[in-house]
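Undergrad: Pasting the sequence and the predicted coordinates here, then a few questions.
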Amino acid sequence: RLPTGESVAVKVQYPGVDEAVRSDLKHVSALTKLAVAIAPNLDPKDVATEVRERVLEELDYRREATNQQQFAELFAGHPFIVVPTVYQDHCRTRVITQEFIEGKPFMTSFDWPQDDRNALGEILFRFFYGCLNRFRIFSADPHPGNYLLLNDGKVAFLDFGLVRAVDPGTLALLLEIIQSLIHDDMDRGRDALEGLGILHRRTPEIDVIWDHMRMINAPVLVDEEVTMDTDLVQEIAAAGFDPRSSAFQALRKVGVPGVMVTFNRMSFGVASLLGRLGATRNWQAIARELWAGEPSRYELGKLEQAWLAEAHPDLEHPLESLD
């Protein structure tokens, strides 16, 4: 409890963690160079820089506190997303002091009725992809231990050590890829993938990876309700990590720009959580809210849109820049 009376949670970094991690990071460049043997078009310097910068940011609790305060301000008054307030005067490089939140662990949701699990999945989707598309910033660590489920149906998001900002050009290219997949426009998709550096003259042609890209983005490619299941999540994971996968040999030859390392960690993590919940929603309809501000079909979305009109009245929708 602070002298001023607030109940707080204090996060303290374990002694020696900083030194141990920095020592391990000395080997990142060597490891990424070895990874070129598996993924020949990977840029080892770019990937090593991305990993090093994100990991070092996680060690700096002052930076994490600043990240968390930014999210707390962005989501102030939100109807179902809670970000604990940070007490900056009581934070240090290895200490974060924040508002104490009473809630239950994420794992307890597995015993909920399916309708409630669907709603939780929708909240997670709206938080991670809403941050990306509305504010061009996202938390890239969707670990189950980073949430508390509150009695009033809200969800508290707790960990902001791994946060990535995205420039408007990169977000536009990510949206171009999704739009090209929705409209099955391979030429449009090729241009966007080349813009990101995923495809270039030394990589496979787009038709080699097109079906796989449609598979991993399948939940948002159709305007209908889709149930996220563990089989789909496992298929996505296998393509990236299992040499027995039909897509592995093609995907290992594409380019991997640094930003995609962090983005893929976030997107796969969210898909994994939704799969564990078995969440069902029209994910494309929700995404179109985030992309273009379309009226929501869901009660949570209607609440969120009413809040946005008050909290962020000047918000621009990213899809408008593609027109």
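TA: Structure received.
Undergrad: roughly how far out does stretch 162-176 sit from the chain middle?
TA: Taking C-alpha atoms, centre = their mean, to the nearest Å, one finds the center of stretch 162-176 at 11 Å from the center of the full chain.
Undergrad: Which residues belonging to that stretch are considered buried?
TA: By 16 or more other C-beta atoms under 10 Å, the buried positions in stretch 162-176 come out as 162-164, 166, 170, 172-176. From N, CA and C alone the C-beta is placed, and that goes for glycine too.
Undergrad: any low-confidence regions in the stretch 101-250 of the chain?
TA: By pLDDT under 70, the weakly predicted segments of the stretch 101-250 of the chain are 239-250.
Undergrad: quick one: the helices in it?
TA: 114-130, 168-182, 186-196, 206-216, 230-241, 248-251 (DSSP state H, counting those that start in this stretch).
Undergrad: any chance of those helices in TSV, plus distance to residue 320?
TA: Listed next are the helices of the stretch 101-250 of the chain as TSV, based on distance: least, C-beta to C-beta, whole Å:
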stretch	distance to residue 320
helix 114-130	16
helix 168-182	10
helix 186-196	17
helix 206-216	24
helix 230-241	30
helix 248-251	32
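Undergrad: tell me the most buried of the ones you listed?
TA: helix 114-130 (a mean of 20; mean count of other C-beta atoms under 10 Å).
Undergrad: so what's residue 118 up against?
TA: Applying C-beta atoms under 8 Å, 6 or more residues apart in numbering to residue 118 gives the contacts 277, 279-281.
Undergrad: ok, so of those residues, who is nearest residue 185?
TA: In terms of C-beta to C-beta, no member of the contacts of residue 118 lies closer to residue 185 than residue 281, at 25.1 Å.
Undergrad: Contacts for stretch 91-105, please.
TA: With C-beta under 8 Å, 6+ apart, stretch 91-105 has contacts from 2, 6-13, 18, 60-62, 64-65, 68, 82, 84-87, 90, 144-145, 148-151, 156, 158.
Undergrad: if we go to 6 Å?
TA: Around stretch 91-105, the neighbours that count as contacts under C-beta atoms under 6 Å, 6 or more residues apart in numbering are 7-13, 61-62, 65, 84-87, 90, 148-150, 156.
Undergrad: And the residues you listed, which of them are buried?
TA: Buried among these (16+ other C-beta under 10 Å): 8, 11, 13, 61, 65, 84-87, 90, 148-149, 156.
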